[in-house]
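In: A structural model of the following input is requested.
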Amino acid sequence: MRLFLAMALAALGPLTLPAGPSDMNASRIPDRRPIVRSGHTNAPLLTDEQVRSWVRKWQRRLGLEEWVIEARIVRIWDLPQGAVANIHWSLPKRKATIKVLNSADSNLAPGEIPRDTELSVVHELVHLSMARLPLDPNHTELEEETVKRISAALLDLQDRNEPAAARR
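Out: Numbers count the residues shown, from 1 in each chain. I've put the predicted structure just below:
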C-alpha cells in the first residue's frame, strides 16, 4: 500500500503548497504580453551584472539593505504565464530571488528592453518593501495596481533627475 501511494504521488509530480505569510511570491504582468519572437537572435541585450546593479541601486533606494537578493535572467517558461518578472521571498530569512525575462523572449523593441527590465526590478522590489503589510492573498488587484503606479513613478522621477549615463 505504501509503495502504491509513493508511486501515485511520484506520478503526480512535485506538489506546490500555498505560500504562507512568511514565504511569498509576486509577479509583474505587463499590459502587453511577452511572446517569443520567431527568428530573433539569442544574443542577450541584458547581462546578469546589469540586472544585479539595478537590484543593488533600487534595494538601497527603497531601504532594503538588510535583504539578500539574488537576481537572475530566465527564459519565459521559468516565469508564471504572462509575467515578465517574478519575486519570491522569505521574511524570516530576509532572502529574495528576482527573476526577469530574457530579452530573447521579449516582444519589445530592443531599445525598450533595458528600461522595461529595470522597471520590472523596481516593481518586484516594491512588492518586497510591502511584504510585511497585512494584504489579502485572495485579492491582490489593488496591491498590483499600487505597485505598478509606484514603480512607474520612481522610474519617471529618476529619468527627470539623472542623466541617462548615470542610470546605468
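In: this protein: helices as residue ranges?
Out: For the chain, the helices defined by DSSP state H occupy 2-12, 48-61, 113-129, 141-161.
In: to residue 79, which of those helices lies closest?
Out: Closest of the helices of the chain to residue 79 is helix 113-129, at 10.3 Å (criterion: Cβ to Cβ). For glycine as for every other residue, the C-beta is placed from the backbone atoms N, C-alpha and C.
In: now do the closest one and helix 48-61, the angle between them.
Out: With axes from the mean of the first three to the mean of the last three Cα atoms, to 10 degrees as the basis, helix 113-129 and helix 48-61 are set at 40 degrees to each other.
In: now render the helices of the chain as a markdown table, adding mean pLDDT.
Out: Below are those laid out as a markdown table (pLDDT from 0 to 100):
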| stretch | mean pLDDT |
| --- | --- |
| helix 2-12 | 35 |
| helix 48-61 | 96 |
| helix 113-129 | 96 |
| helix 141-161 | 91 |
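In: now render the ones you listed as TSV, adding mean neighbour count and distance to residue 82.
Out: Formatted as TSV, those follow (neighbours: other Cβ atoms under 10 Å; distance: least, Cβ to Cβ, whole Å):
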stretch	mean neighbour count	distance to residue 82
helix 2-12	9	25
helix 48-61	17	20
helix 113-129	23	13
helix 141-161	14	12
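In: now those as CSV including distance to residue 101?
Out: Putting those into CSV (distance: least, Cβ to Cβ, whole Å) gives the following:
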stretch, distance to residue 101
helix 2-12, 29
helix 48-61, 11
helix 113-129, 7
helix 141-161, 15
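In: of those, which approaches residue 69 most closely?
Out: Comparing these under Cβ to Cβ, the one sitting nearest is helix 48-61, at 5.5 Å.
In: can you list the residues that contact the closest one?
Out: 65, 67, 69, 71-73, 98, 100, 114, 117-118, 121-122, 125, 154, 168 (Cβ atoms under 8 Å, 6 or more residues apart in numbering).
In: same check, this time on stretch 110-127
Out: Contacts of stretch 110-127 with the rest of the structure, by Cβ under 8 Å, 6+ apart, involve 26, 28, 30, 45-46, 50-51, 54-55, 58-59, 62, 64, 69, 71, 84-87, 98, 100-101, 103, 106, 108, 143, 147-148, 150-152, 154-155, 167.
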